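Chemist: After the sequence you'll find the predicted model.
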Amino acid sequence: MNETGLITIESKHSFAETLKRLDSALQSARMTVFAVFDHAAAASEAGLQLRPTTVLAFGNPAAGTALMQANQLAGIDLPLKILVWEDQGGIAKLTHSNPITLAERYSLGTKIAPQIAGMAKLLACIAEAAGG
């Protein structure tokens, strides 16, 4: 993790394979994929170049709602998202927000700590399944 509250891991696979594995890991975890944002394709349509960069927005409404009930502003950071991207060297990486940082940002307190811990574990497991 760095000062921005983001966690990045390097994938052992190509960008395309990492994205495919991420989708599979989300399905296995019974997460709902709400949206896929292919930023590179959008850039190309605008006549611009961008290395492969795709965001998957996903979640479990029952879990996310608890955070928004504690502080509705948390909805700006939900659903959860994982960015799959390729760096200048052609290495695929996965980046996601650290749920602990989100809990701090919205002053969610200890009441919601079990959900935050569960989200952190889920994101780590999904990222590892996709990139490992």
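Modeler: That came in fine, so what should we check first?
Chemist: which regions of the protein sit below the pLDDT cut-off?
Modeler: Applying pLDDT under 70 to the chain flags the ranges 1-3.
Chemist: For it, just list every one of the strands.
Modeler: Per DSSP state E, the chain carries strands over the ranges 6-10, 32-38, 53-59, 80-86, 92-97.
Chemist: Turn the ones you listed into CSV, columns for distance to Asp23.
Modeler: Using the backbone N, CA and C atoms, a C-beta is placed for each residue, glycine as well. Converted to CSV, the strands of the chain look like this (distance: least, C-beta to C-beta, whole Å):
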stretch, distance to Asp23
strand 6-10, 17
strand 32-38, 7
strand 53-59, 7
strand 80-86, 10
strand 92-97, 12
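Chemist: Including mean neighbour count, could those go into a markdown table?
Modeler: What follows is the strands of the chain, written out as a markdown table (neighbours: other C-beta atoms under 10 Å):
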| stretch | mean neighbour count |
| --- | --- |
| strand 6-10 | 15 |
| strand 32-38 | 13 |
| strand 53-59 | 19 |
| strand 80-86 | 21 |
| strand 92-97 | 21 |
